[in-house]
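In: Sequence plus predicted model, see below.
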Amino acid sequence: MFEPYWYGDEGIYQTLGLGIDNGRVLYKEIFDNKPPLLYLLYGFLNSDQFLLRLSSLIFGVFSVALFFKLCQKILKNTNVSYVSTFIFALIFGLPVVEGNIANAENFMLLFNILAGLLVFKTTEDGNSAKKTKLLFLAGIILSFSFLFKIVGVFDFAAFFLFLFFVNFSKKFKDIFNLKNVFNELKTLVPLITAFLLPIIFIALYFIFNDSFSYFLKAAFSNNIGYVGYGNKLIMPQGLLLLKLLILFMGLLYVFAKRKSLGKERVFIYIWFFFSLFNAFFSGRPYTHYVLVVVPSFCLILGLLMLKNKYLKLDFFIFAISAFFLLTQFSYYVKTVFYYQNFIQFVAGQKNVYDYQRFFDGNTPNDYEIAGYINNHLGKNDNLFIWGNNAQVYKLTNKLPPGRYTVAYHITNYEDGYKNTEDGLKKENPKFIIIMPNVSVYPFSLLGYSQKININGINIYEKFSK
């Protein structure tokens, strides 16, 4: 909570929150590529990093409490539940998987765990009316997860299939009879309906604000290219197809063995398989992607602590997944030094510059830029940053002239250059900041002169009339 403004993704979210607070229409006038709830939360909290990290902490505390309830329900062993929950809290709370960052995944886990608890409860209660209510509530909660980040759909799919598997009382071959399938799906209508309702309401909001196409493209269709980039194997989505095949084979095994496995193990396996698929979905090694695996991973660990006939299978699944999770993702290796850095700073053994520099070498530069801009920029003046450090917009309480907050969005999206160029002509920002670690500045500097160079960062000021 006491970190400087340094994390690139948070900088984008902060700028979008600032844009929403200043009346910009999300996606149409200020852009990022996730569903809206994360940006609405940032806007609601005025993009204040302390409040956002505090919110993430509160979400985390409730996640831990609910995870313990889930462990008790599924593992049915108090001591094992305590150990599994402790491991979950430890992993989730440490910077090693970016548990300290206010990313979408940090908020999603609460919804996913709560929905999982409600879904599992429906298999224990014979009251039809109560089941319907629980399913409906679980669907709403999973929709909130999805509206933080679209990968929440995998948790919905996991719980949906869990219910289908445990409720399908006929033989394996009977699944090929569509009538049997439809009969089982009827019982899941409350879950499906509730999941769709918040999404429909959000879609209607953007339709009425004449920005539905921007919402659809930004939050959904743009992610197709994002996923395709990291999944090339022989053909554009070859690696993704391989992952889907592995997921399908795992689910097929669970379905075939569902009665002997028991509903508790079926729940854990299905959720874990989908969580792994979620983490590896985009084919990119970003640390926070691992967060979605942590709950089901800790449930697998719980199974390993119980004596059962499937111990070898549990260990095989754990070992294979742990190997790929450890080797295919990058992790925050400075976790011990992270706390040392804070203690030294509080104790007066480290100055502000070194404290900020610990997080990222460019962080002191961002604060120096912001300090200069804040001293020279009027209330009605604006600026433009050609770089990937959107957090400077938050530090100066200013917005970019166009939809896009960072250089890599401007260069990656079809309308990036045109939209930004039009924004520059319209807004005529007083300052243009050109960072050294990005491509050559592509727009005109006519009417600007270099005012100052801060550690290789060129700041241009508009000529006074």
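Out: Okay, I see it. Everything numeric here is computed off the predicted structure, so don't read it as measured data.
In: Residues contacting stretch 104-111, please?
Out: 34, 37-38, 41, 55-56, 59-60, 62-63, 66, 92, 98-99, 141-142, 144-145, 148-149, 152, 155, 288-289, 291-292, 294-295 (CB atoms under 8 Å, 6 or more residues apart in numbering). All C-beta atoms are positioned from the backbone trio N, CA, C, and that covers glycine.
In: Alpha carbons only: can I get it in CSV?
Out: The C-alpha coordinates for stretch 104-111 follow below in CSV (Å, rounded to 0.1, in the frame of the first residue of the first chain):
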residue,chain,number,x,y,z
ALA,A,104,-8.0,-7.6,-12.0
GLU,A,105,-7.0,-11.1,-10.8
ASN,A,106,-6.6,-9.8,-7.2
PHE,A,107,-10.3,-8.8,-7.1
MET,A,108,-11.6,-11.8,-9.1
LEU,A,109,-10.5,-14.4,-6.7
LEU,A,110,-13.0,-13.4,-4.1
PHE,A,111,-15.9,-13.8,-6.6
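In: what about burial for the contacts of stretch 104-111, which qualify?
Out: 34, 37-38, 41, 55-56, 59-60, 63, 66, 92, 98-99, 141-142, 144-145, 148-149, 152, 155, 288-289, 291-292, 294-295 (16 or more other CB atoms under 10 Å).
In: Out of these, which sit inside helices?
Out: Among the buried ones among the contacts of stretch 104-111, the members falling in helices (DSSP state H) are 37-38, 41, 55-56, 59-60, 63, 66, 92, 141-142, 144-145, 148, 152, 155, 294-295.
In: Name the helix or strand for the nearest residue to N308 once chain neighbours are set aside, please.
Out: Sequence neighbours aside, D314 is the residue nearest to N308 in space, at 7.6 Å (criterion: CB to CB, 6 or more residues apart in numbering). For D314, the element it lies in under DSSP states H and E is helix 311-328.
In: mind listing what E10 touches?
Out: Per CB under 8 Å, 6+ apart, neighbours of E10: Q49, L52, I101, A102, N103, Q391.
In: Would you check that T287 makes contact with Y331?
Out: Yes - with contact defined as CB atoms under 8 Å, T287 counts as touching Y331 (5.9 Å).
In: Name the residues contacting each of those two.
Out: Looking at what touches both T287 and Y331 (by CB under 8 Å, 6+ apart), the common residues are V97.
In: what's the distance between T405 and L161?
Out: Per CB to CB, to the nearest Å, T405 is found 38 Å from L161.
In: Just want to know which of the two has more residues nearby.
Out: T405 (27 against 19; other CB atoms under 10 Å).
In: For that one, give me phi and psi.
Out: When read as degrees, to the nearest 10, the backbone of T405 gives phi -100, psi -20.
In: do S282 as well
Out: According to degrees, to the nearest 10, S282 has phi -80, psi -10.
In: For it, the count of nearby residues, please.
Out: S282: 18 surrounding residues under other CB under 10 Å.
In: same deal with the one 5 residues further on?
Out: The tally of other residues near T287 (other CB under 10 Å) stands at 18.
In: same deal with A407?
Out: With other CB under 10 Å as criterion, A407 counts 23.
In: That one - nearest residue in space that isn't next to it in sequence?
Out: V438 (4.6 Å).
In: again, but for V64
Out: A89 (4.7 Å).
In: give me the number of residues near the one you found?
Out: With other CB under 10 Å as criterion, A89 counts 20.
In: Adjust the sequence numbering to begin at 34 for everything that follows.
Out: That works, and once the first residue is 34, the last one we named lands at A122.
In: What are the contacting residues of the strand or helix carrying it?
Out: Per DSSP H and E, A122 falls inside helix 111-126. By CB under 8 Å, 6+ apart, the residues outside helix 111-126 that reach it are 93, 96-97, 100-101, 104-105, 108, 130, 132, 142, 324, 327-328, 331-332, 334-335, 338-339.
In: Going through those residues, which ones are buried?
Out: By neighbour count, with 16+ other CB under 10 Å, these hold 93, 96-97, 100-101, 104-105, 108, 130, 132, 142, 324, 327-328, 331-332, 334-335 as buried.
In: picking that back up, which among the contacts of E43 gets closest to Q47?
Out: Q424 (6.2 Å; CB to CB).
In: How many neighbouring residues does F310 have?
Out: 21.
In: same deal with F241?
Out: 9.
In: And it, its phi and psi?
Out: Per degrees, to the nearest 10, the backbone of F241 is at phi -70, psi -20.
In: Quick check: the residue nearest to N341 vs K276, distance?
Out: Relative to K276, D347 is positioned 22 Å away (CB to CB).
In: what do you get for D54?
Out: 39 Å.
In: And the closest residue to K154 other than its chain neighbours, which helix or strand is it part of?
Out: Residue nearest to K154 in three dimensions, not counting chain neighbours: L167, with 5.7 Å by CB to CB, 6+ apart. When elements are assigned from DSSP H and E, L167 belongs to helix 161-181.
In: Give me the helices and strands touching that helix, please.
Out: If contacts are counted by 3 or more CB pairs under 8 Å, 6 or more residues apart in numbering; DSSP states H and E, helix 161-181 sits against helix 70-77, helix 137-155, helix 185-200, helix 222-241.
In: and that helix, which residues are buried?
Out: Neighbour counts over helix 161-181 (16+ other CB under 10 Å) mark 164-165, 167-181 as buried.
In: list the contacts for the nearest residue to M34 once chain neighbours are set aside?
Out: Excluding the flanking residues, the one nearest M34 by CB to CB, 6+ apart is R86, at 4.1 Å. Each residue near R86 by CB under 8 Å, 6+ apart is listed here: M34, E36, N133, A135.
In: returning to that earlier point: which one's more surrounded, D54 and K276?
Out: Set D54 next to K276 and count neighbours by other CB under 10 Å: K276 wins out with 18 against 15.
In: For burial, what's the neighbour tally of F35?
Out: Applying other CB under 10 Å, we find 10 other residues in the vicinity of F35.
In: which SS class is it?
Out: Of the three states, F35 takes coil according to DSSP: H, G, I helix; E, B strand; the rest coil.
In: Test my guess that it contacts F375.
Out: Yes - counting by CB under 8 Å, F35 touches F375, with 6.6 Å between them.
In: Mean neighbour count, the helices and strands packed on helix 161-181: which tops it?
Out: For these, the largest average neighbour count (mean count of other CB atoms under 10 Å) is found in helix 137-155, namely a mean of 24.
In: does I466 really touch F417, like I thought?
Out: Yes - the pair I466 / F417 is scored as a contact, 7.1 Å apart, by CB under 8 Å.
In: Neighbour count for these two, which is higher?
Out: A direct count of neighbours by other CB under 10 Å for I466 and F417 places F417 higher, at 25 against 22.
In: Tell me how far that one lies from G126.
Out: Distance from F417 to G126, by CB to CB: 38 Å.
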